[in-house]
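Trainee: Please work out how this folds:
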Amino acid sequence: MAGSLDARAVLRVVREVRHSLPEPRAVQVSGALADVLAKELGRGAAPGAVRVGGNVEGAAALVRSLAGPVTEEDERELAAAHRARVPAVAVQTGGGQDAAVPYVLATAVVACPPGTGFPLERIAAALAARLSGGAGATVAARVPVLRPAVCSDLIRGASAQNGLIGAAVFVPGADLPVLALNQLRLVLRLAAAHGVELDRGRVPEVAGLLAGAFGFRAVARSLLGLAPAAGWAVQGAVAYGGTRAVGEAALRLYAATAGPE
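Mentor: Numbers count the residues shown, from 1 in each chain. Below you'll find the predicted structure:
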């Protein structure tokens, strides 16, 4: 693979990513209008992937719908999710839109003014930001409504990480194996998010997706010759852009494989 990652290295990372994916768990919805919200989040979802109520300790994430100021019942369930380390998102459908919600990050509180309908895209974005890479991919595979937000978050995170690595490593080419490995993990997590089986049959496909990233490195080397003083910025920008390009290409491929959401 362009002299950087051979088939054995790819297989090792395939196994690593596959083993890092948690067991499928449901997204739990509770609170005001929980049935309505669960139905919207569960469009096209696998059976049992979105549930109303239950034991929050066994959930992948909690979406708690609030009808106004936080009640004792709201706080009790949010506290249980916090203790169980279950990521939580609060959807505020009533008054007190700007009030803090205990046990929930401010960025994970989604305002939903009365009469406007549930803002699914913002709820999905908040959930994606709270789920880690492997957990997000597992949930997205079973809940298509969440898939675009989870995939965007995966691409954004991997691109930012590689941008920092590219800017910080000053020896030309020394960062290439690390960047390629991160791009490989990104591609495999995007595949998992679309329910695509991770096995050795993915190696040629993944190699093709990563090949374009090495073209970006050639561009970076030529730009370094033109602006050597800004080498760190050039390397960081190209690493970021190359990783995003790989992620977007993988996203198009696997979205077509998975079919319409």
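Trainee: mind listing what's buried in the longest helix seen in the chain?
Mentor: In the chain, with assignment by DSSP state H, the single longest helix is helix 231-258. Across helix 231-258, burial judged by 16 or more other CB atoms under 10 Å covers 231, 234-247, 249-251, 253-255, 258. C-beta coordinates here come from the backbone N, C-alpha and C atoms, glycine included.
Trainee: now for it, which elements pack on it?
Mentor: helix 147-168, helix 176-193, helix 203-226 (3 or more CB pairs under 8 Å, 6 or more residues apart in numbering; DSSP states H and E).
Trainee: got those as TSV, with mean pLDDT, distance to Ala81 and mean neighbour count columns?
Mentor: Shown next, in TSV, are the helices and strands packed on helix 231-258 (pLDDT from 0 to 100; distance: least, CB to CB, whole Å; neighbours: other CB atoms under 10 Å):
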stretch	mean pLDDT	distance to Ala81	mean neighbour count
helix 147-168	91	19	21
helix 176-193	87	23	23
helix 203-226	61	36	16
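Trainee: Output those helices in JSON lines, with distance to Gly134 appended to each entry.
Mentor: Listed next are these as JSON lines, based on distance: least, CB to CB, whole Å:
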{"stretch": "helix 147-168", "distance to Gly134": "10"}
{"stretch": "helix 176-193", "distance to Gly134": "7"}
{"stretch": "helix 203-226", "distance to Gly134": "17"}
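Trainee: Nearest to Gly94, out of those helices?
Mentor: Gly94 lies closest, by CB to CB, to one member of the helices and strands packed on helix 231-258: helix 147-168, at 24.4 Å.
Trainee: Now do the closest one against helix 231-258, angle only.
Mentor: With axes from the mean of the first three to the mean of the last three CA atoms, to 10 degrees as the basis, helix 147-168 and helix 231-258 are set at 160 degrees to each other.
Trainee: So which of the helices and strands packed on helix 231-258 is nearest Leu131?
Mentor: Across those, Leu131 has its closest neighbour in helix 147-168 (6.9 Å, CB to CB).
Trainee: Determine which of the helices and strands packed on helix 231-258 approaches Leu78 most closely.
Mentor: Of all those, helix 147-168 comes closest under CB to CB, at 21.4 Å.
Trainee: Which other helices and strands does that closest one contact?
Mentor: Here helix 147-168 touches helix 120-130, helix 133-142, helix 176-193, helix 231-258, going by 3+ CB pairs under 8 Å, 6+ apart.
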